[in-house]
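>>> Okay, predicted coordinates and the sequence, questions at the end:
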Amino acid sequence: MERKKKRYIPVLAILGIFLLITAAILGQYGWMIGLSVEIDPVVLEDGSFDAGIRRTGGQELSEEASCLYVWDSGDENSLVLHEEMPQILDDMRVDYHAVDVRGGSTVDLGGYSRVVVGFANYDDNRDLMVDIVDWAEAGGSVLLAQVPEMGSVFRWVSSKIGIVNTGPDYYETAGLRLTSDAMLSGDEKEYAVTYPYASSLIFQLDADCTLHIVTADEAELPLLWEREVGEGQAVAVNLGHYDKSYRGIYAFAYSLLGEYCVWPVINAAGFYLDGFPFPIPEGTSTYVTDVYGGNMDLYTFYVREWWEDLTALAEEYGIRYTATILENNDTDVEPPYEEQGTHNRYQYFLSLLMEMGGDVGLYGYNQQPLCLADNPLSPSYEGEEQDYEEGLGLRYWSSRENMAAALTEARRFQKSILGGTDMRVYTPPSNIWSEDGIQAVKETLPDIQAVAGGYVDAGYSHGEEFRVDEDGMIYTPRVTSGSYFSGEMKLIALSELNFHYVNTHSISPNDVLHPDAYADQGWPAMLERLKDYEKWLASAAPDMRQANGSETAAAVQRFYYLGVDSELSEEGLTLTLSNFQDEAWLLLRLDGWEPAAGEGGVQGGALTHLQGDLYLLEAEEAQVTIQKGASS
């Protein structure tokens with residue numbers, strides 16, 4: 001018997017150790033199942049808001065409006081600007097009348113305090129331009145948003161707005177340089193123009209003009225300035241670029257009109273990790289081994305280098321990542337849809353991410369966008385040369401039922417890892433989405449509250465707006481992406497900072513494996529550019545909230561529905577906010593006066609001075625009063 005005891009003691013010891021390890025694993029797994037992150041603010045029930053308050057396209061002419069926007073449907077350049085200007089005015093909650101002068105409408109300027117001129121041919125609208133100048137000299141504020149065509153009326157108008165020594169040609173504007181502190185830009189003052197062409201008039205300005213933007217070269221040609229015109233004011237833009245990337249330039253120009261300008265903003269900086277976690281490929285990549293040596297396999301790289309570096313970046317700048325899960329690397333669009341992900345790897349990454357206040361969303365069952373074969377996509381712009389299937393290697397789904405089945409499997413897989421967490425954000429693969437796909441998401445995954453695609457058109461990716469659709473789905477498009485920040489991306493980041501006060505960015509773990517994403521430069525170089533970008537953002541908007549995907553959606557929801565009425569008196573500015581729930585954020589620009597200092601200067605909210613004459617207002621009540629202080 002003694003010999004049998006000795007024989008079985010080691011076996012019992014091993015069994016005990018095994019049970020302890022099993023208990024530890026099960027305990028860890030159970031902790032993961034129940035893991036959740038506190039979200040603040042949260043998305044509210046869509047019925048909380050009165051959707052009728054949100055107005056688009058301006059007021060009916062029978063209704064009162066403080067701003068007149070005139071454009072010309074027969075002017076090609078005016079049509080290009082008109083694709084953006086109504087959205088700018090809508091998002092800034094400007095109550096305006098939009099009048100197409102091509103229709104021969106009689107325009108009465110009485111009752112307006114601001115006018116936006118959105119056409120280039122002043123000679124064709126001679127009488128209106130004379131009336132606008134007379135109206136401005138009597139105390140009105142006018143924004144000349146379009147680069148004018150040369151002509152006799154323009155030469156007369158130019159003398160009123162400070163232009164002297166006009167040249168006969170147009171200038172190719174290749175970059176912008178900010179010359180005042182009126183725009184949020186941080187440490188960087190120069191921004192490249194994508195696809196430059198001869199778009200700007202050549203001239204000099206009188207010394208009494210206030211200059212805000214010039215060309216980023218030795219010529220320093222004026223691109224945006226303001227000047228007193230009699231008792232009124234004129235702001236002019238000499239840029240000649242009107243696409244979505246420049247909205248913030250025109251929003252800034254409009255905000256310079258009058259004694260003040262106030263508009264709702266999002267106030268959120270979101271950072272998305274698209275398709276992460278994902279099934280890490282076996283083996284190595286030369287883009288990795290060239291930097292870290294031949295023994296560095298991909299799993300070790302992602303755990304010890306890529307993820308640790310992103311964790312350090314988050315700790316330095318307070319980033320709250322949103323990871324959108326990719327279950328499968330295959331291209332299957334036909335059933336069966338089977339699990340291929342490894343639980344422990346997903347749990348490892350997601351547990352660390354959620355400890356940092358991160359969020360979990362869905363990228364997809366695999367990397368195939370949710371688009372149907374019987375409703376194929378068209379490119380978002382003419383000139384896209386790559387075919388969706390043959391060029392991009394993507395596949396269409398044969399039915400909505402198959403899309404739903406794949407989404408159901410992805411949810412089942414996510415719940416097996418994080419049972420206590422709902423996926424609230426969907427980031428479409430390659431930022432490509434369709435109405436069919438979004439409908440499948442709505443019907444199959446009702447917990448999804450937001451779709452985060454791309455902001456600008458690119459290939460088969462159609463740009464989105466910060467909005468809420470009729471079903472309550474919130475759209476939180478990413479303004480920038482990747483780790484190579486082109487001139488266009490930097491400019492659009494600047495633009496959105498000064499328009500919506502938002503910054504949404506995305507990267508993919510696959511970027512380090514693909515030369516199109518500049519993988520040949522190596523992860524350390526890619527990381528360094530990400531650090532530079534976050535450093536710029538911190539310098540330009542140190543008061544912007546870091547938010548995960550759910551919090552960004554909540555911020556967009558409140559922004560989208562907020563209505564703003566304002567009234568300026570001798571005592572100060574009173575704001576009345578409709579659809580106010582629990583918080584609201586607004587940008588406020590003041591001209592000629594400052595808020596009163598000390599207690600009681602602001603009632604119903606809190607005001608933060610950003611720079612120059614620009615303030616960030618946090619509304620805490622539906623009515624906010626800002627008392628006038630010293631004149632500036």
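That came through fine. Residues are numbered from 1 along each chain as shown.

>>> buried sites along stretch 251-259?
For stretch 251-259, a neighbour-count test (16 or more other C-beta atoms under 10 Å) marks A251, F252, A253, Y254, S255, L256, L257, G258 as buried. Yep, even glycine has a C-beta here, placed from its N, CA and C like the rest.

>>> doesn't S180 make contact with the second one?
Same thing as F252. No: look at F252 against S180 with C-beta atoms under 8 Å: they stay out of range, at 10.5 Å.

>>> In helices, which of the buried residues of stretch 251-259 fall?
Among the buried residues of stretch 251-259, the ones falling in helices (DSSP state H) are A251, F252, A253, Y254, S255.

>>> Closest one of those residues to D243?
A251 (14.0 Å; C-beta to C-beta).

>>> and F499, how many neighbours?
26 (other C-beta atoms under 10 Å).

>>> overlap in contacts of F252 and S180?
Shared contacts of F252 and S180 (C-beta atoms under 8 Å, 6 or more residues apart in numbering): H212.

>>> picking that back up, and which of the ones in helices among the buried residues of stretch 251-259 is nearest to Y348?
For these, the nearest to Y348 is A251 (43.2 Å; C-beta to C-beta).

>>> what's the closest non-adjacent residue to that closest one?
In this structure, A251 finds its nearest non-sequential neighbour in F499, 4.3 Å apart by C-beta to C-beta, 6 or more residues apart in numbering.

>>> Show the backbone phi and psi for the one you found.
phi -110, psi -70 (degrees, to the nearest 10).

>>> Does it touch I88 like I think?
Yes: shown here, F499 and I88 form a contact pair, counting by C-beta under 8 Å, at 7.3 Å.

>>> who touches both of these two?
R247, A251.

>>> what sits against the residue lying closest to L575 once chain neighbours are set aside?
Among residues not flanking L575 along the chain, V624 sits closest, at 4.4 Å (C-beta to C-beta, 6+ apart). Contacts for V624 (C-beta under 8 Å, 6+ apart) come out as T574, L575, L577, V602, Q603, G604, G605, L617.

>>> In its sheet, which strands sit next to whichever strand or helix holds V624, and in what direction?
If you go by DSSP states H and E, V624 is part of strand 623-631. Using DSSP bridges, the strands paired with strand 623-631 are strand 572-578 (antiparallel), strand 593-595 (antiparallel), strand 602-603 (antiparallel).

>>> Roughly how far does E190 sit from A493?
14 Å (C-beta to C-beta, to the nearest Å).

>>> Pick out whichever of these two has more residues nearby.
Per other C-beta under 10 Å, whichever of E190 and A493 has more neighbours is A493, with 25 against 14.

>>> Tell me if the more buried one really is in a helix.
Yes: according to DSSP: H, G, I helix; E, B strand; the rest coil, A493 belongs to a helix.

>>> pretty sure T324 is touching P428, no?
No: with contact defined as C-beta under 8 Å, T324 does not count as touching P428 (9.5 Å).

>>> Mind putting the contacts of V624 into a markdown table with distance to P477, pLDDT and neighbour count?
What follows is the contacts of V624, written out as a markdown table (distance: C-beta to C-beta, whole Å; pLDDT from 0 to 100; neighbours: other C-beta atoms under 10 Å):
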| residue | distance to P477 | pLDDT | neighbour count |
| --- | --- | --- | --- |
| T574 | 33 | 98 | 16 |
| L575 | 28 | 98 | 22 |
| L577 | 25 | 98 | 21 |
| V602 | 32 | 96 | 23 |
| Q603 | 35 | 96 | 15 |
| G604 | 31 | 97 | 17 |
| G605 | 28 | 97 | 20 |
| L617 | 24 | 98 | 23 |
